[in-house]
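[1] quick one: sequence plus predicted model below, questions after.
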Amino acid sequence: MQDLAFRMITLYGFSQLCLMVGVTIMGIALLFIGNDKVRSTFWLRRAKLAVALVSLLVGLSIVIQHVLWLRNLPLEICNALNISILYIATLVISTSFIALAAATNLSKERLFATCVIFCGCLVLLWIAIPFNQLWTNVLTAASLIIYFVELVRLTIVFLYNYRLLRKLDREPGSEDSARFACLSMVMRCVIALSSLAVLYVLLALLSVSDTTVFNFALIAIWVYMFISFVNLVIDYNPLAEANYHLRIRRRAAHDVQERHMTLLPKIESWVDHGGYKTLGVTMLQVAEQLGTNRTYLSEYINVNYGCSFNTWLGRLRVAEAKRLMLSSPTLSLDRVALNVGFSSKSHFMSTFKSIEGETPGRWRERNLLAR
């Protein structure tokens, strides 16, 4: 029996050592993994930093437990230190991942209120130590009650925002998709950690002091979280590259839209004043009159009319020629061509036929008879 007890103590100590070393190394590694694209992505950098800090806190809590066990410090101080680390870890995780689920930062007021609540819990926890056992239990219980109420509120906020994100029509490979994958992984880990916490409480209630299995299970969860984050960072490198080019294209499209909105009233005014009727007008002249350049004017015409400048100019002149031929039936085609900006009758007739499919004379005769 003594030999078995010695082996169990040795195994428990080994599990504690593995947990401490493992989570500490993972925390340090998470601080440094990722290239400039990952570090420039605020939500991923914040999530990575939060998990790294919590990993280091878990490693620190194990060290503290071991030191306190060696020095035989009072149980109240041991509990206060462990619960304090729990409070800090909860604050780091909750504020980081609620903001990630909401795709925005928490408001400064809400963040300040959450920090004040957790600081209040810490104050209650530590001022309870010098009192007698009754007041120590009361103040510790009050601290834990406030903590759990705030934790429930933060959980509800997180689940609400997570549900909204889940309903989004996420494009595969998009940043929203990566953000959702990160949150889903964290949620799975939180559920596993919560299950372990329940198991730990049950073991404590049953006066089972050996938590070797608990330690190894905790190592497995942390390894899963670490590997998931590494994979997310690796996968995010090409995603960040794609998002960079996507942002460039969106910015370019936005710039094009703004230019078009600026050009629209100017071009409409130019058309209304019959600028297209000017004989021999060129795209450079029109661009100068509109206060732009040939490239932007050509871009506007290509996007909005689906043709070149010369084709667009020809359509405007043909439309005006049709109106003129119907309003002035006796007007010669030479005069019509000159009035709408064509340099010659032959140019007018070839352009008209390419657009309408028949000569100006035949078109006028047919439409006059139909009136």
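    Nice, thanks for sending it over.

[2] in the helix or strand hosting Tyr147, what counts as buried?
    Take DSSP states H and E as the rule and Tyr147 turns out to sit in helix 133-167. Judged by neighbour count using 16 or more other C-beta atoms under 10 Å, the buried positions of helix 133-167 are 136, 139-140, 143-144, 147, 150, 154, 157-158, 161-162, 165. Every residue, glycine included, has its C-beta placed from N, CA and C.

[3] how far does that helix sit from the chain's center?
    Using C-alpha atoms, centre = their mean, to the nearest Å, we find the averaged C-alpha position of helix 133-167 to lie 27 Å away from the chain's own average C-alpha position.

[4] remind me what it packs against, helices and strands.
    For helix 133-167, the contact count by 3 or more C-beta pairs under 8 Å, 6 or more residues apart in numbering; DSSP states H and E identifies helix 75-101, helix 108-127, helix 175-205 as packing neighbours.

[5] so how far is the first residue of stretch 123-141 from its last?
    13 Å (C-alpha to C-alpha, to the nearest Å).

[6] pLDDT averaged over that stretch - what is it?
    Model confidence over stretch 123-141, given as mean pLDDT, is 76.

[7] next one: stretch 332-346
    This predicted structure assigns stretch 332-346 an average pLDDT of 88.

[8] which one in this protein is furthest away from the centre?
    Ranked by distance from the centre of the chain (C-alpha atoms, centre = their mean), the top residue is Thr330, with 67.0 Å.

[9] and it, helix, strand or coil?
    Reduced to three states with DSSP: H, G, I helix; E, B strand; the rest coil, the structure at Thr330 is coil.

[10] before we move on, the earlier item: out of the helices and strands packed on helix 133-167, the one nearest Val63 is which?
    With distances scored as C-beta to C-beta, the stretch of the helices and strands packed on helix 133-167 nearest to Val63 is helix 75-101 (10.6 Å).

[11] greatest separation within the buried residues of helix 133-167: which pair is it?
    Thr136 and Leu165 (42.6 Å).

[12] export the buried residues of helix 133-167 to TSV and append columns for distance to Thr295.
    Supplementary listing: the buried residues of helix 133-167 in TSV, determined by distance: C-beta to C-beta, whole Å:
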residue	distance to Thr295
Thr136	77
Leu139	73
Thr140	72
Ser143	67
Leu144	68
Tyr147	63
Glu150	58
Leu154	53
Val157	50
Phe158	49
Asn161	44
Tyr162	46
Leu165	41
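
[13] closest to Asn304 among the residues you listed?
    Leu165 (36.7 Å).

[14] tell me how far the closest one lies from Leu44.
    When distances are taken as C-beta to C-beta, to the nearest Å, Leu165 and Leu44 turn out to be 15 Å apart.

[15] for Ala253, same thing?
    When distance is defined by C-beta to C-beta, Ala253 is 25 Å away from Leu44.

[16] which one's more surrounded, these two?
    Counted by other C-beta atoms under 10 Å, Ala253 and Leu44 do not tie: Leu44 has more neighbours, with 24 against 10.

[17] name the element the more buried one belongs to?
    When elements are assigned from DSSP H and E, Leu44 belongs to helix 42-71.

[18] in terms of secondary structure, what does that helix contact?
    helix 2-32, helix 36-39, helix 75-101, helix 175-205, helix 212-272.
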